[in-house]
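>>> Build me a structure from this.
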Amino acid sequence: MSRTTPQPPRRRRAAVAAALAVAAPLILAACSDDTAASSDDEAWEPDRDIEWIVPYTPGGGFDTYSRGIAEVMQAGHLPDGVNIVVRNSPPLPQGIASMFNADPDGYTIGILPMPAAIAQEIQEPDLAQWTTSEFTVLGQVDENGYVVYVPDDSEFETIEDLIAAQDIRAITVEEGSSSALAGLATIQALDLDADVTYGAEGSAEVVTAALRGDADFFVYGSTDLVGFVESGDIRPLMYLGTEDQLPDNVDWLQDVPTAEEAGFPDLAGAVTELRVIVAPPDLPEPVAEYLRTALAETMADEEFVTWAEEAGRPIVPRTAEETEANIADQIEQMEELVPQLADG
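Below you'll find the model as predicted:
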C-alpha cells in the first residue's frame, strides 16, 4: 500500500475550550460583516423546526454527537420555538442522499460521515445519488482515528499474534462505511488471513457479535467503544491514527501501540473518520452563514463542552473553510485508496 497523506493534526483536548473561545468571535465577526453588507430582504433566520438527518441507527457515535449538538443549539442558538428534530435514516446511502437532495432552504441539515461518503461515491457511482464535493459545508465536530480490537478473552494478545493467525474473522457495519474501509485497509496492510462479515447495524452489534464468538477482531473508532474497553469486554491491540490524533481524554489509548510503532507507517492515518455537518448544495449564502454561525456558537458553548466531557466524546471543532480543506484531502486520499482496496 502506498503512503497516504495523514489528516490535519488533532487539537489537544485540554485546549478545546480556549481554542473555541478564540475562534468563535472571529467566525461570528465575519458572519456579522457579511450580514451588514446584505440588504434586509437577504437576511434569514429559521421560523420553523429544522430536520437533522443521521444516516445511521440510533445510539452510535454519529447519532450521539447529533443529539448533543441539537440539544444545545436549539436551547440557546436558534429563535424561540425553533427545534432541531433528529431523524435517523439508515442505510448509509439513503441517509446521505436524503441530505443531498433535500430542498436547500435551511430546514434540512445533517451529519456526513467522511470518508464513507466519498468512498461509496467512488465504489458505486451509478447508485450514489450525491456528489460529495457539492455539499454545503457548515463545520466539523470531530475526527476519529481507528483501533483494532479483540474480545477480552481472545487468544490474541498482540497485533503480531493476529498477523500470525490463519482463517480469522472480522465483523463490521455496511460495506463502504468508514469503519469498513479502515478494516479493509488494515487487513491489506497487515496481510491478514481474514474474512469480513458485513451488515452489523452499529457499534453495539459489532461488539456483541465479537463477544459471542462470531468474529475474532474488528476495527472501530477510538472514541466509539470507550465504555466496552473500560468495562473489560474488549481489548485494543493497535491504534491506526497518527500520534497527533490521539484523544487526550481516553487514558487507556495512550498505552496502545500505534501503527507506526508496530512497523506499519503507511497505515497510520490512512483512514480517519470525520464527523461533518452539512446542508444540501446551493444553499443561499445568508442561510449558510446563519447556520454556520449557530453551529460555531454551539460548539463554543460551555454547555456543549461540558456535554462532550461527560459523554466521553472528544470534540475537534473546525470552521467551514477548514472542514472543506479536510474533505478535499480525503477525496484525494480515497481516489487512491479505494481502488487499491478493490484490487486487494
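>>> Every contact and neighbour count from this point should use C-alpha atoms.
Fine.
>>> At which residues are the helices of the protein located?
Using DSSP state H, the helices assigned to the chain run over residues 16-37, 61-76, 92-101, 116-123, 159-164, 178-190, 203-211, 226-230, 285-300, 302-311, 320-343.
>>> helices and strands around the fourth one, which ones?
Using 3 or more C-alpha pairs under 8 Å, 6 or more residues apart in numbering; DSSP states H and E, the elements in contact with helix 116-123 are helix 320-343.
>>> circling back: any chance of the helices of the chain in JSON lines, plus distance to Asp47, mean neighbour count and mean pLDDT?
Shown next, in JSON lines, are those (distance: least, C-alpha to C-alpha, whole Å; neighbours: other C-alpha atoms under 10 Å; pLDDT from 0 to 100):
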{"stretch": "helix 16-37", "distance to Asp47": "18", "mean neighbour count": "15", "mean pLDDT": "45"}
{"stretch": "helix 61-76", "distance to Asp47": "12", "mean neighbour count": "20", "mean pLDDT": "95"}
{"stretch": "helix 92-101", "distance to Asp47": "20", "mean neighbour count": "21", "mean pLDDT": "95"}
{"stretch": "helix 116-123", "distance to Asp47": "30", "mean neighbour count": "22", "mean pLDDT": "92"}
{"stretch": "helix 159-164", "distance to Asp47": "54", "mean neighbour count": "15", "mean pLDDT": "96"}
{"stretch": "helix 178-190", "distance to Asp47": "35", "mean neighbour count": "23", "mean pLDDT": "93"}
{"stretch": "helix 203-211", "distance to Asp47": "36", "mean neighbour count": "19", "mean pLDDT": "93"}
{"stretch": "helix 226-230", "distance to Asp47": "39", "mean neighbour count": "15", "mean pLDDT": "90"}
{"stretch": "helix 285-300", "distance to Asp47": "12", "mean neighbour count": "23", "mean pLDDT": "96"}
{"stretch": "helix 302-311", "distance to Asp47": "23", "mean neighbour count": "16", "mean pLDDT": "92"}
{"stretch": "helix 320-343", "distance to Asp47": "24", "mean neighbour count": "17", "mean pLDDT": "90"}
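>>> closest one to Gly269 among those?
helix 178-190 (9.6 Å; C-alpha to C-alpha).
>>> outside of that closest one, which residues touch it?
For helix 178-190, contacts defined as C-alpha atoms under 8 Å, 6 or more residues apart in numbering pick out 1, 113-116, 146, 163, 172-175, 193-194, 218-221, 264, 266-267, 270-273, 341, 344.
>>> Just the buried ones out of the residues you listed, please.
Buried members of the contacts of helix 178-190, scored by 16 or more other C-alpha atoms under 10 Å, are 113-116, 146, 163, 172-175, 194, 218-221, 266-267, 270-273.
>>> Using CSV, write out every CA atom in stretch 262-278.
Extracted in CSV, the C-alpha atoms of stretch 262-278 (Å, rounded to 0.1, in the frame of the first residue of the first chain):
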residue,chain,number,x,y,z
ALA,A,262,4.3,-1.6,15.1
GLY,A,263,6.1,-1.1,11.8
PHE,A,264,3.2,-0.1,9.5
PRO,A,265,3.7,3.6,9.0
ASP,A,266,1.6,3.6,5.8
LEU,A,267,-1.4,2.6,7.8
ALA,A,268,-1.2,5.5,10.3
GLY,A,269,-3.9,7.9,9.4
ALA,A,270,-4.8,6.2,6.2
VAL,A,271,-8.4,6.2,7.2
THR,A,272,-9.6,8.8,9.6
GLU,A,273,-13.3,9.4,10.3
LEU,A,274,-14.6,13.0,10.1
ARG,A,275,-18.0,13.9,11.5
VAL,A,276,-19.0,16.8,9.2
ILE,A,277,-22.1,19.0,9.5
VAL,A,278,-23.6,19.8,6.0
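>>> Among the contacts of helix 178-190, which are located in strands?
The strands, defined by DSSP state E, take in 113-114, 146, 194, 218-221, 273 from those.
>>> From the residues you listed, pick the one nearest Glu324.
Nearest member of those to Glu324, counting by C-alpha to C-alpha, is Met114, at 11.5 Å.
>>> Quick one: residues contacting the nearest residue to that closest one once chain neighbours are set aside.
Leaving out its chain neighbours, the residue that sits closest to Met114 by C-alpha to C-alpha, 6 or more residues apart in numbering is Leu274, at 5.0 Å. Counting by C-alpha under 8 Å, 6+ apart, Leu274 touches 113-115, 140-144.
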